[in-house]
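Novice: Here is a sequence together with a model predicted from it:
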Amino acid sequence: MRVSRLTLVGIAILALSAVAGVAALPELPSSVAIHFGVGGDPDSFVAAPLGVLLVPAIGVGALVITRFPGAAGRGTSVPPVFDSVLATFLAYVQALVLAYNLGARFDMLVAVVPAVVTFGVVAVVLDRAGREGKSYD
């Protein structure tokens, strides 16, 4: 199976995200926030080593799943560009979580919503392109 360059870019982005988390580990508290409620306050905590690797690991798992035929619901895999977009989105979320746990204070909802909207728009555009039979590569 040939792996697209864009999929490899996505994996590299997630790997860099994991490296950044591991590099920040000595500065992080022993328990880190990984989820924030609607009000922007953290409501879920895990041990720091798990917290810095959780998002990159989920991201790599998602990239593996998107390579399976039928993942797009049309008998084909998801377009490779989606892998880079997803990885970038997850790395951004990881950066926000790391920044918060390192002491930066900001409205998490305000920080995440633009990225969620952008991710959603890109997903819709890719879906429509796929329905029109346009090549993803």
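Specialist: That came through fine. Residues are numbered from 1 along each chain as shown.

Novice: going forward, measure contacts and count neighbours with C-alpha atoms only.
Specialist: Fine.

Novice: How far off centre is the one helix or strand Pro56 maps to?
Specialist: Using DSSP states H and E, Pro56 maps to helix 48-66. Centroid displacement of helix 48-66 relative to its chain, using CA atoms, centre = their mean, to the nearest Å, is 8 Å.

Novice: What of stretch 111-125?
Specialist: 12 Å.

Novice: Not counting the helix holding Pro56 itself, show me its contacts.
Specialist: For helix 48-66, contacts defined as CA atoms under 8 Å, 6 or more residues apart in numbering pick out 7, 10-11, 14-15, 17-18, 21-22, 25, 28-34, 71-72, 77-78, 83, 86-87, 90-91, 94, 98.

Novice: Now the element after it, going C-ward?
Specialist: Counting by DSSP H and E, the next helix or strand C-terminal to helix 48-66 is helix 80-101.

Novice: who does that next one touch, helix- and strand-wise?
Specialist: Here helix 80-101 touches helix 5-24, strand 31-36, helix 48-66, helix 108-131, going by 3 or more CA pairs under 8 Å, 6 or more residues apart in numbering; DSSP states H and E.

Novice: Out of the ones you listed, which is closest to Leu102?
Specialist: helix 5-24 (8.2 Å; CA to CA).

Novice: Look up how far Ile13 lies from Ala91.
Specialist: According to CA to CA, to the nearest Å, Ala91 stands 7 Å off from Ile13.

Novice: ok, now Val64?
Specialist: Per CA to CA, Val64 is found 14 Å from Ile13.

Novice: Compare the two (neighbour count), which wins?
Specialist: Ranked by neighbour count (other CA atoms under 10 Å), Val64 and Ile13 place Ile13 first, with 24 against 13.

Novice: Count the neighbours of the closest residue to the more buried one other than its chain neighbours for me.
Specialist: Of all residues not flanking Ile13 in the chain, Ala87 sits nearest, at 6.1 Å (CA to CA, 6 or more residues apart in numbering). Residues within reach of Ala87, counting by other CA under 10 Å, total 26.

Novice: Tell me who's in contact with Ala87.
Specialist: Residues near Ala87 by CA under 8 Å, 6+ apart: 10-11, 13-14, 59.
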